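Enquirer: My questions are about this predicted structure, shown below with the sequence.
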Amino acid sequence: MTYREPAFAKLNLTLDILGRRPDGYHDLNMVMQSIDLADQVSLTLTAEEELAVYADLPFLPQGADNIAAKAAAGFFRQLERPCPGLDIRMKKVIPVCAGLGGGSSDGAAVLRVLRRHFAPDMPRETLEAVAAQVGSDVPFCVRGGTARAEGRGERLTDLPPLPPCHFVVCKPPFAISTPELFAQVRVKRLRCHPDGAGMEAALAAGDLEGVARRLYNVFEEVLPRRYSQVFEIKRSLLDLGAISASMTGSGPTVFGIFRDEGPARQAAEVLRRQFAQTFYAQNTGPSV
Ligand code: C5P
């Protein structure tokens, strides 16, 4: 039997860093949104006693090191039963090392499928607790929709859905190391923080302009100069008609919010001439 499950990318509408924790992680406050830019995950139950994982990009970890394998192992540890024979395949669409939660989302898709087949009564909270052990962004990727994420990113609160809108998502041709970027941050020296309360009020009012005006990611403030293309893409998105634009996660991907589909698709076409990894996307609702 084969299950197919979309693994949606995430965007950070806001990202704030509140402080460094004794465990080396940082306390965050983020508003997250899932979008329909998606990998396709397929999971087949096999007669082998093996957990086989393949991603269609050769430089990604295959087998036990892949986040999808860690998710499956964590799931069966929670159920206190041995992992059955599984063949998990990922068709990658979401750019990797991009701030879009691609790997986290693949792991999350595996967890959703396994819960559906093996433990339909498992509470969402339990599934998300398993997810948190796999990675900080995995719980949000399990849930999807619009949510506030606190702590390491694993403490979630559902928020009113973002009104339907259109995104252009553009990844410049370099990667930024997440731990390295966290190391640049001196929390007390951050000059600006996102207006989290204002963002949530705008979501509650269904006010897309208000949401767009409040996009803010503190990582932009500490971005080393060699990554300045991030700001050039933001500028281009605004010139091409975006209401607002921001970097997502620890970058380097930038997204713009558009009110209308036509201008968003046109902007994506223009940016794609310079940046091959440019996509048009729409927001999605919760996955569980
Ligand atoms: O949890 P995950 O493996 O996705 O995190 C990757 C890295 O990002 C961590 O090793 C840590 O350096 C950094 N991180 C952090 N604080 C967070 C989330 C991630 O410092 N809340």
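Expert: Nice, thanks for sending it over.

Enquirer: hey, let's count contacts and neighbours off CA atoms from now on
Expert: Fine.

Enquirer: buried sites along the helix or strand where residue 3 lies?
Expert: Residue 3 is part of strand 2-20 when elements are defined by DSSP states H and E. By 16 or more other CA atoms under 10 Å, the buried positions in strand 2-20 come out as 4-18, 20.

Enquirer: Output that strand as PDB, nothing but the C-alphas.
Expert: The C-alpha coordinates for strand 2-20 follow below in PDB (Å, rounded to 0.1, in the frame of the first residue of the first chain):
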ATOM      1  CA  THR A   2       1.400   3.400  -0.900                       C
ATOM      2  CA  TYR A   3       0.300   6.700   0.600                       C
ATOM      3  CA  ARG A   4       1.100  10.100  -1.000                       C
ATOM      4  CA  GLU A   5       1.200  13.200   1.100                       C
ATOM      5  CA  PRO A   6       2.100  16.800   0.200                       C
ATOM      6  CA  ALA A   7       4.800  18.400   2.300                       C
ATOM      7  CA  PHE A   8       4.000  22.100   2.300                       C
ATOM      8  CA  ALA A   9       6.700  24.800   2.700                       C
ATOM      9  CA  LYS A  10       6.400  27.400   5.500                       C
ATOM     10  CA  LEU A  11       7.000  31.100   5.600                       C
ATOM     11  CA  ASN A  12       7.800  33.300   8.600                       C
ATOM     12  CA  LEU A  13       5.400  36.300   8.600                       C
ATOM     13  CA  THR A  14       7.400  37.300  11.700                       C
ATOM     14  CA  LEU A  15      10.500  36.000  13.400                       C
ATOM     15  CA  ASP A  16      11.700  37.400  16.700                       C
ATOM     16  CA  ILE A  17      14.600  36.100  18.800                       C
ATOM     17  CA  LEU A  18      14.000  36.600  22.600                       C
ATOM     18  CA  GLY A  19      17.100  35.100  24.100                       C
ATOM     19  CA  ARG A  20      19.700  32.300  24.200                       C
END
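
Enquirer: Tell me which other helices or strands whichever helix or strand comes after it touches.
Expert: Downstream of strand 2-20, the next assigned helix or strand under DSSP H and E is strand 26-46. Packing contacts for strand 26-46, counted by 3 or more CA pairs under 8 Å, 6 or more residues apart in numbering; DSSP states H and E, involve strand 2-20, strand 85-91, helix 102-118, strand 146-151, strand 278-282.

Enquirer: got a list of what the closest residue to residue 67 other than its chain neighbours touches?
Expert: Nearest residue to residue 67 in three dimensions, chain neighbours excluded: residue 107, at 5.5 Å (CA to CA, 6 or more residues apart in numbering). Contact partners of residue 107, counting by CA atoms under 8 Å, 6 or more residues apart in numbering, are 67, 68, 69, 70, 71, 72, 131, 134, 138.

Enquirer: Okay, and which of those residues map to helices?
Expert: Those of the contacts of residue 107 mapping onto helices are 67, 68, 69, 70, 71, 72, 131, 134, 138, per DSSP state H.

Enquirer: Quick check, the fourth one in contact with residue 64.
Expert: Read it as residue 70. Yes. Using CA atoms under 8 Å, residue 70 is in contact with residue 64, at 6.7 Å.

Enquirer: Spell out which parts of the protein neighbour the ligand.
Expert: 25, 26, 27, 28, 135, 136, 137, 152, 153, 178, 179, 182 (CA under 6 Å from any ligand atom).

Enquirer: Let me see the confidence value for the residue nearest to the fourth one when sequence neighbours are not counted.
Expert: Nearest residue to residue 28 in three dimensions, chain neighbours excluded: residue 17, at 4.6 Å (CA to CA, 6+ apart). In the predicted model, residue 17 carries a pLDDT score of 98.
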